[in-house]
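In: just need the structure, nothing else, for what follows:
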Amino acid sequence: MSAKDMVTDIIAQAFVDFIRRVCECENLWKAHAKDLELAKVGDEVTKAISEGIEGEYGPVTVKVRKKLLGRREVRVWLYGNEIDVDALLAEISKARSRAAWLLNDCSENALLETLYKYEDRYLIEVAQRNLDKVKNICAGELPRIEFGEAPAHVVEGVVKGVRIYLSGHGTSA
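Out: Purely as a prediction, here's the structure:
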């Protein structure tokens with residue numbers, strides 16, 4: 001095996017690892033979509049509850065009923081199911097934590113960090129330039145990758161990596 005073939009194989013394995021991480025994050029985004037939706041409206045919901053403002057806030061509905069002597073009763077529904085206010089606030093807190101975790105661990109920078117150990121700026125540039133196309137690989141699509149000025153070993157390694165990944169996931173490239 002030539003030195004070029006060895007380098008190509010290293011790049012291929014690096015790209016397979018990168019694709020796996022991207023796909024893992026894509027699955028996490030889908031699995032936690034409700035948490036992300038709830039986290040997004042968390043501040044509005046918290047304010048509505050504390051100030052007694054009725055409304056629809058994404059998956060949350062807040063209703064306020066006036067009682068005797070100016071008191072109010074706040075009732076809330078999450079995805080159409082009535083829930084205790086304290087339980088809703090706890091769910092919002094959990095959703096915010098999960099959202100923050102995803103935004104950190106599955107950010108573009110975090111995904112690209114998986115390639116830093118290979119110290120190949122062309123590989124990193126190709127991955128960065130084609131991140132959205134790499135996400136399509138998760139669905140089994142063969143992408144049209146833009147390589148720019150990447151040298152042959154990076155081009156061959158990335159192409160081989162995509163083929164390896166797709167062949168292991170029931171799709172032929």
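In: and the host helix or strand of D5, average pLDDT?
Out: Using DSSP states H and E, D5 sits within helix 3-31. Mean pLDDT, helix 3-31: 95.
In: buried residues in that helix, which are they?
Out: Of all the residues in helix 3-31, those buried under the rule 16 or more other CB atoms under 10 Å are 7-9, 11-12, 14-19, 21-23, 25-26. For the C-beta atoms, the positions are set from N, CA and C on the backbone; glycine is no exception.
In: now stretch 57-74
Out: Neighbour-count burial for stretch 57-74 [16+ other CB under 10 Å]: Y57, G58, P59, V60, T61, V62, V64, V74.
In: what's the spacing between the third one and C138?
Out: Taking CB to CB, to the nearest Å as the measure, P59 falls 26 Å from C138.
In: centroid residue for the chain?
Out: The geometric centre of the chain, computed from its C-alpha atoms, lies nearest to W29 (CA atoms, centre = their mean), at 3.9 Å.
In: could you check how far that residue is from C138?
Out: Counting by CB to CB - W29 and C138 are separated by 11 Å.
In: related to what we said a few turns ago, now, which of the buried residues of stretch 57-74 sits nearest R144?
Out: Distance to R144, by CB to CB, is smallest for G58 among the buried residues of stretch 57-74, at 36.1 Å.
In: ok, what's across the strand from V60?
Out: With beta bridges defined as DSSP bridges, V60 has these partners: Y57, L78.
In: mind putting the buried residues of stretch 57-74 into CSV with pLDDT and distance to E91?
Out: Below are the buried residues of stretch 57-74 laid out as CSV (pLDDT from 0 to 100; distance: CB to CB, whole Å):
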residue, pLDDT, distance to E91
Y57, 97, 13
G58, 96, 12
P59, 97, 10
V60, 97, 9
T61, 97, 14
V62, 97, 14
V64, 93, 20
V74, 93, 15
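In: of those, closest to L115?
Out: Using CB to CB, G58 comes nearest to L115 of those, at 35.5 Å.
In: hmm, back to that, wait, doesn't the residue nearest to the centre of the chain sit right on C106?
Out: Yes. The criterion here is CB atoms under 8 Å, and W29 meets it with C106 at 6.7 Å.
In: below-threshold pLDDT in this structure: ranges please.
Out: 170-173 (pLDDT under 70).
In: quick one: V45 and W77, what's the gap?
Out: 11 Å.
In: more neighbours: which of those two?
Out: A direct count of neighbours by other CB atoms under 10 Å for V45 and W77 places V45 higher, at 25 against 15.
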